[in-house]
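[1] Everything below, folded, please.
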Amino acid sequence: MNLVYICNQMVRMLHCYICCIHADGKIGKSFGDKADAMNPVIRDAGFRKQIFDREIMDCPVLFCEHTLIYYAVFSDGADKIVVGPVSIEKPSRELNNYVVQKHGISQKAGFQLAYCEMKVFGSAVLMFHHFLTGEEMSLDDLWRKNELKEDDVKNAMKSISTVIFERQEWGIPHNPYDQEVRELDSIRNGDFEKLSKSLKETYRGEVGQLSKNQIRQAKNIAVCVITLASRAAIEGGMLPEEAFSMVDGYILQIEEMDSPVKIDAMMRQAEFDYAAEVAKLQKNRQKNELIERAKNYIFQNLHDEIVIGNIAGQIGVNASYLSNLFHKTEGVTIQQYIRHEKIRLAENMLRYSEYDVKEIANYLSFCSQSYFGQAFREQTGMSPLKYRKKYGTFQIENNKNK
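    Just a heads-up that it's a prediction; the model follows:
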């Protein structure tokens, strides 16, 4: 394959610069619009030497500056190929100015820091590495070889030994495992009474220290507890995608909190919410694995127009068989179930989002706004606008929808 072709495609994909550094420090071929004026590696000789002198590894070397800006360095014989810079978060004006000022780029050049999600950047790096070497690597291997050094492992083992010694020395055990099992079993079984009872248990011991900062400690504990609760709920029958989405929502909310008491309350609320979801499921009819897979597909594609044939093809059964089985098991047709779940999601969007009724109807792939309004009234007993006025966090004027 042609290196120039690959580099040009990489630039189009990542919207960043690529350049070759020869062993004598001189710049070889470079790629990217106005690279000579705006590529930090070309503009900043000291920075270029710093990159070139980095330790040679048997994989691409990821170089980070300002915690959010990444470069990838590849060995090509005696030369080095540098891809970047790329920001793994949407770059702010301050971040853009940081690169401009640090590397002596002219303000008039119009430099714009490229943005790319970390996984996408990593995948592009692996593809380029495979082109250069023929070697296949996983993202996990790339992260581990770049970020987890031998000293890190030694320090982790030392930290473990210190924690064990101190807890034995002071006679302070962790919270008992059997209590945690009872807590998770109650969620798995949708049992509110047992969950409440398990949380009120008194015992000798305490939860582990996950941070020296009190608020961060509370957040870390909450992340662990909510994640475990979601797995217990899935084992109790909850759809994995729905359970995972709840985890994301709770954790994002907790990250915004600055009170350990409030964080703990939200953590416990999440546990009871998971138990409630499982309890709701247990009231339903006998479960069927195919039905659950169909429901999971529907949940993941609520924003699309969902066709029974597509569901059947995804789970590997005949469409007529799936339709009959679903109706027999659930007591409603698949189309009725899809509409019910779309309206449920619409209720949530009307409560918590700023989207207007027309946007929600389009997002959920209803054929028209009027049909959406009719379906919404049939299920909730009120129009979308009245529902938002009564329950919504965001009040948006929309004279078109009634």
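[2] end to end, how far does stretch 111-118 reach?
    By Cα to Cα, to the nearest Å, the extent of stretch 111-118 from end to end equals 21 Å.
[3] mean confidence for it?
    Averaged across stretch 111-118, pLDDT comes to 89.
[4] go on, stretch 219-234?
    Computed over stretch 219-234, the mean pLDDT rounds to 92.
[5] buried ones in it?
    Buried residues in stretch 219-234, counting neighbours by 16 or more other Cβ atoms under 10 Å, are found at 219-223, 225-234. For every residue, glycine as well, the C-beta is placed using N, CA and C.
[6] can you tell me which two in those are farthest apart?
    Within the buried residues of stretch 219-234, K219 and I234 form the most distant pair, 22.8 Å apart (Cβ to Cβ).
[7] gap between C64 and C20?
    21 Å (Cβ to Cβ, to the nearest Å).
[8] before we move on, what about N310?
    Note on N310: its distance to C20, by Cβ to Cβ, is 47 Å.
[9] do A346 as well
    According to Cβ to Cβ, A346 stands 53 Å off from C20.
[10] where does this structure have low pLDDT?
    Regions of the chain meeting the criterion pLDDT under 70 cover residues 1, 35, 148-175, 203-210, 283-287, 393-402.
[11] what residues go with each domain of it?
    Listed by automatic domain parsing, the domain ranges of the chain are 3-147, 177-282, 289-391.
[12] Is G28 located within a helix, as I assumed?
    No: assessed by DSSP: H, G, I helix; E, B strand; the rest coil, G28 does not belong to a helix; its assignment is strand.
[13] tell me which element the nearest residue to it once chain neighbours are set aside is part of?
    Leaving aside its sequence neighbours, G28 sits nearest to C20 (Cβ to Cβ, 6 or more residues apart in numbering; 3.6 Å). Counting by DSSP states H and E, the element that carries C20 is strand 18-21.
[14] Mind giving me the packing neighbours of that strand?
    helix 3-14, strand 27-31, helix 40-43, helix 45-52, strand 79-87 (3 or more Cβ pairs under 8 Å, 6 or more residues apart in numbering; DSSP states H and E).
[15] Could you list every helix and strand in contact with the third one?
    In terms of contacts (3+ Cβ pairs under 8 Å, 6+ apart), helix 40-43 is packed against strand 18-21, strand 27-31, helix 35-38, helix 45-52, strand 79-87.
[16] run the last query once more with 6 Å
    If you count contacts as 3 or more Cβ pairs under 6 Å, 6 or more residues apart in numbering; DSSP states H and E, helix 40-43 packs onto no helix or strand.
[17] Could you export it as PDB, CA atoms only?
    The C-alpha trace of helix 40-43 is given here as PDB (Å, rounded to 0.1, in the frame of the first residue of the first chain):
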ATOM      1  CA  PRO A  40       3.000  22.200  16.400                       C
ATOM      2  CA  VAL A  41       5.600  19.500  15.600                       C
ATOM      3  CA  ILE A  42       6.900  21.500  12.700                       C
ATOM      4  CA  ARG A  43       6.600  25.000  14.400                       C
END
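[18] and the gap between M57 and D141?
    As judged by Cβ to Cβ, M57 and D141 stand 11 Å apart.
[19] Same check on L95?
    Counting by Cβ to Cβ, the separation of L95 from D141 is 29 Å.
[20] And G313, by the same measure?
    34 Å.
[21] what's the nearest residue to Y337 if we skip its chain neighbours?
    Once flanking residues are discounted, Y337 sits nearest to E330: 6.4 Å by Cβ to Cβ, 6+ apart.
[22] got the phi/psi numbers for the residue nearest the centre of the chain?
    For the chain, D248 is the residue whose C-alpha lies nearest the centre (Cα atoms, centre = their mean; 7.4 Å). Per-residue torsions, D248: phi -60, psi -50 (degrees, to the nearest 10).
[23] likewise N362?
    Note on N362: backbone dihedrals following degrees, to the nearest 10 are phi -70, psi -40.
[24] What is the burial count for the nearest residue to L322 once chain neighbours are set aside?
    Once flanking residues are discounted, L322 sits nearest to A312: 4.6 Å by Cβ to Cβ, 6+ apart. Neighbours of A312 under the rule other Cβ atoms under 10 Å: 20.
[25] still on that earlier bit, can you redo the helices and strands packed on strand 18-21 as JSON lines with mean neighbour count and distance to A114?
    JSON lines is the format used below for those (neighbours: other Cβ atoms under 10 Å; distance: least, Cβ to Cβ, whole Å):
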{"stretch": "helix 3-14", "mean neighbour count": "16", "distance to A114": "6"}
{"stretch": "strand 27-31", "mean neighbour count": "16", "distance to A114": "13"}
{"stretch": "helix 40-43", "mean neighbour count": "23", "distance to A114": "12"}
{"stretch": "helix 45-52", "mean neighbour count": "15", "distance to A114": "17"}
{"stretch": "strand 79-87", "mean neighbour count": "23", "distance to A114": "5"}
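[26] Same list (the ones you listed) but as CSV, adding distance to K119.
    Below are those laid out as CSV (distance: least, Cβ to Cβ, whole Å):
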stretch, distance to K119
helix 3-14, 13
strand 27-31, 23
helix 40-43, 23
helix 45-52, 23
strand 79-87, 12
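[27] Please name whichever of the ones you listed is nearest to F111.
    Among the helices and strands packed on strand 18-21, the nearest to F111 by Cβ to Cβ is helix 40-43 (8.7 Å).
[28] what residues does that closest one touch?
    Helix 40-43 has contacts (Cβ atoms under 6 Å, 6 or more residues apart in numbering) with 19, 27, 36, 48, 82, 103-105.
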